[in-house]
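Student: Just the structure for this:
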Amino acid sequence: MSGVPDPGSGRGAPRDRPQWNRKPAVPEAGGALAAARRRALALAGPLTRPIGSLIAVRTQAPEVVLTFDDGPEPEGTDRVLSALSDHAATATFFVLVDRARRHRSLVQEVLAGGHEIGLHGMDHRRLSRLPSATVGTLLASATAQLEDLLGAPVRWFRPPYGAQTPAVWRAARRQGLTSVLWGPCAWDWLDRPPELLAAQALRGLGRGAVLLAHDGHAGPEDGADDGPRPAFDRGDLVRRVLAGLDERGLRGRSLGDALATGEARIVPWFLR
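Tutor: Numbering: from 1, shown residues only. Purely as a prediction, here's the structure:
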């Protein structure tokens, strides 16, 4: 999972927000501190652009960027791909290299569908808590192995959990990678009904936004401890999100596709 709240959302909960039995609704990120952080980032952006990370695309096209983390995963990635195909959408998949090696056929399905692949990590360990030398070694090895698997250069990197220190950012840059974070989030590492998660994903999902979602669930074998695997159908969730985009006159695009006509919005993003 990439389960870190969107530090820049700051959006209040709708009054008609759906509930599910007695479980709490999807957690809400933001508030006064998030609003203050957004203002600071807006002011800092021009000054810190050389050390920033991509969080959105400035574009006039009616497009949002769809990103999926923690795959590839059987019965997750394939269902997401089917939903994207039905809506003629493209997406960027941030993969774990250990998983990509185990599920090479799914990697090829992603590419065959016209999507792009970025690096999420060798596994799902939180890089911000590792020694800088270890981070550099891991990212160098992961990048080389993924590029060998794909037969093409890798452009994008998303740190697990969005946890990125300056040392992690520098290690990614040394591999020629651009760090990509997000704006709106589906919170789909939680086991909630797809309709609730889709409503959460669509909140604030406007032109040029980067949506964080998942086609897999990282577990102990990936160096993660993120709780039980959700039982909902990820393909169903993606179909609901895409239907919501259709209603708004928006299209889902991969990051590379969106940048063909747009410009990256770069801000500093450091989180331990």
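
Student: contacts, neighbours, all on C-alpha from now
Tutor: Noted.

Student: how about the helices of the stretch 101-250 of the chain, start to end?
Tutor: Secondary structure of the stretch 101-250 of the chain, counting by DSSP state H, counting those that start in this stretch: helices at 104-112, 132-150, 166-174, 194-202, 234-247.

Student: Which other helices and strands does the last one contact?
Tutor: The criterion is 3 or more C-alpha pairs under 8 Å, 6 or more residues apart in numbering; DSSP states H and E, and the helices and strands that helix 234-247 contacts are helix 77-86, helix 194-202, strand 251-253.

Student: Same check on the second one?
Tutor: Packed against helix 132-150 by the contact rule (3+ C-alpha pairs under 8 Å, 6+ apart) you find helix 97-102, strand 116-121, helix 166-174.

Student: Redo the helices of the stretch 101-250 of the chain as CSV? Include mean pLDDT.
Tutor: Shown next, in CSV, are the helices of the stretch 101-250 of the chain (pLDDT from 0 to 100):
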stretch, mean pLDDT
helix 104-112, 98
helix 132-150, 98
helix 166-174, 97
helix 194-202, 97
helix 234-247, 98
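
Student: With distance to residue 157 and mean neighbour count as added columns, please give the ones you listed in TSV.
Tutor: Shown next, in TSV, are the helices of the stretch 101-250 of the chain (distance: least, C-alpha to C-alpha, whole Å; neighbours: other C-alpha atoms under 10 Å):
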stretch	distance to residue 157	mean neighbour count
helix 104-112	16	16
helix 132-150	9	17
helix 166-174	7	19
helix 194-202	21	21
helix 234-247	22	20
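
Student: Redo the helices and strands packed on helix 234-247 as TSV? Include distance to residue 115.
Tutor: Formatted as TSV, the helices and strands packed on helix 234-247 follow (distance: least, C-alpha to C-alpha, whole Å):
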stretch	distance to residue 115
helix 77-86	9
helix 194-202	20
strand 251-253	9
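
Student: So for residue 223, which of these sits nearest?
Tutor: helix 77-86 (19.8 Å; C-alpha to C-alpha).

Student: Figure out how far the closest one is from the centre of its chain.
Tutor: Distance of helix 77-86 from its chain centroid, counting by C-alpha atoms, centre = their mean, to the nearest Å, is 16 Å.

Student: ok, and for that helix, which residues are buried?
Tutor: Along helix 77-86, the positions that meet the burial threshold by neighbour count (16 or more other C-alpha atoms under 10 Å) are 77, 78, 79, 80, 81, 82, 83, 84.

Student: tell me which of those residues is nearest to residue 173?
Tutor: Distance to residue 173, by C-alpha to C-alpha, is smallest for residue 77 among these, at 27.8 Å.

Student: Excluding sequence neighbours, find me the nearest residue to the closest one.
Tutor: The shortest distance from residue 77 to any residue other than its chain neighbours is 4.9 Å, reached at residue 215 (C-alpha to C-alpha, 6 or more residues apart in numbering).

Student: Please give the number of neighbouring residues around the one you found.
Tutor: When neighbours are counted by other C-alpha atoms under 10 Å, residue 215 registers 29.

Student: surely it meets residue 72?
Tutor: Yes. Shown here, residue 215 and residue 72 form a contact pair, counting by C-alpha atoms under 8 Å, at 6.9 Å.

Student: Out of the helices and strands packed on helix 132-150, the one nearest residue 182 is which?
Tutor: strand 116-121 (13.4 Å).

Student: got the angle between the closest one and helix 166-174?
Tutor: Counting by axes from the mean of the first three to the mean of the last three C-alpha atoms, to 10 degrees, strand 116-121 lies at 140 degrees to helix 166-174.

Student: pLDDT (mean, whole number) over strand 116-121?
Tutor: The pLDDT scores in strand 116-121 average 98.

Student: May I have that strand exported as PDB, CA atoms only?
Tutor: What follows is strand 116-121, C-alpha atoms only, in PDB (Å, rounded to 0.1, in the frame of the first residue of the first chain):
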ATOM      1  CA  GLU A 116       3.200   2.700 -18.600                       C
ATOM      2  CA  ILE A 117       5.200   1.300 -15.700                       C
ATOM      3  CA  GLY A 118       7.100   3.100 -13.000                       C
ATOM      4  CA  LEU A 119       9.200   1.900 -10.100                       C
ATOM      5  CA  HIS A 120       7.700   1.600  -6.600                       C
ATOM      6  CA  GLY A 121      10.600  -0.300  -5.100                       C
END
